[in-house]
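Peer 1: Could you work out the structure for the sequence below:
(one chain, ligands or ions: 1)
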Amino acid sequence: MFVGIDICSTRKLAHALTRSPFLKEEVFSPAEIAYCEAQPKPQQHYSGRWAAKEACLKAFGLSVLGVELKQIEVVRDAGSRPTLHIHDEDLRQAMNSQAANFTLQVSISHEDEYSVAVVLVLS
Ligand SMILES: CC(C)(COP(=O)(O)OP(=O)(O)OC[C@H]1O[C@@H](n2cnc3c(N)ncnc32)[C@H](O)[C@@H]1OP(=O)(O)O)[C@@H](O)C(=O)NCCC(=O)NCCS
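Peer 2: Numbering: from 1, shown residues only. Next up is the predicted model:
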């Protein structure tokens, strides 16, 4: 079992997303964007997802360099717990080399200023 944790400043991420118009589409899937934009405070939910993606990489001991964060997707329907989906085959293989046949658990929380996420890798 491995664990990864990350904290994200909602204000700093919101600033980065405003400054770099393409960043949102580079990091978040269309479904993630649709989910966040449907919430009363979208920036908190982007921040939570950013933390979840980075916590996932940390859990595997992988670097964000060379990884398209969009390939790690937080999926959830309103009212259900979030799940993580890995879309890129190379990334999945790199993860599998650390933890064969892994499954993932993620938990996200946010307050006004920060979001945190914890990811468990079970193998
Ligand atoms: C899970 C629950 C306890 C979330 O509590 P919360 O303190 O409101 O919210 P947090 O910021 O800690 O967590 C939000 C995240 O929890 C996760 N989450 C939501 N429902 C969940 C569930 N049923 N199971 C697991 N995780 C859940 C989501 O990832 C959510 O973030 P997202 O919308 O960006 O995906 C929620 O079901 C609940 O009952 N909320 C009402 C509690 C309340 O009234 N709080 C306000 C007063 S303090």
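Peer 1: Spit out the contact partners of the most centrally placed residue in the chain.
Peer 2: Geometric centre of the chain, nearest residue: K53, 2.6 Å, by Cα atoms, centre = their mean. K53 makes contact with V27, L69, I72, V74, according to Cβ atoms under 8 Å, 6 or more residues apart in numbering. Quick note: C-beta positions are derived from backbone N, CA and C, even for glycine.
Peer 1: repeat that with 10 Å
Peer 2: K53 is in contact with 6, 8, 27-28, 32, 64, 67-74, 84, 106, 117, 119, counting by Cβ atoms under 10 Å, 6 or more residues apart in numbering.
Peer 1: What's the PyMOL line that selects buried ones from those residues?
Peer 2: This is how PyMOL selects the buried members of these, with burial counted by 16 or more other Cβ atoms under 10 Å:
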select buried, resi 6+8+27+28+32+67+69+70+71+72+73+74+84+106+117+119
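Peer 1: So which of the contacts of K53 are in strands?
Peer 2: Among those, the residues falling in strands (DSSP state E) are D6, C8, I72, E73, V74, L84, V106, A117, V119.
Peer 1: Contacts only, for the second one.
Peer 2: With contacts defined as Cβ under 10 Å, 6+ apart, the neighbours of C8 are 44, 46-55, 110, 113-117.
Peer 1: try it again with 6 Å
Peer 2: By Cβ atoms under 6 Å, 6 or more residues apart in numbering, the contact set of C8 is S47, W50, A51, S115.
Peer 1: residue boundaries of the strands in the chain?
Peer 2: For the chain, strands defined by DSSP E occupy the ranges 2-9, 72-75, 83-86, 103-110, 114-122.
Peer 1: For those, give me JSON lines that also has distance to R92 and mean pLDDT.
Peer 2: Shown next, in JSON lines, are the strands of the chain (distance: least, Cβ to Cβ, whole Å; pLDDT from 0 to 100):
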{"stretch": "strand 2-9", "distance to R92": "15", "mean pLDDT": "98"}
{"stretch": "strand 72-75", "distance to R92": "10", "mean pLDDT": "98"}
{"stretch": "strand 83-86", "distance to R92": "5", "mean pLDDT": "98"}
{"stretch": "strand 103-110", "distance to R92": "11", "mean pLDDT": "98"}
{"stretch": "strand 114-122", "distance to R92": "12", "mean pLDDT": "98"}
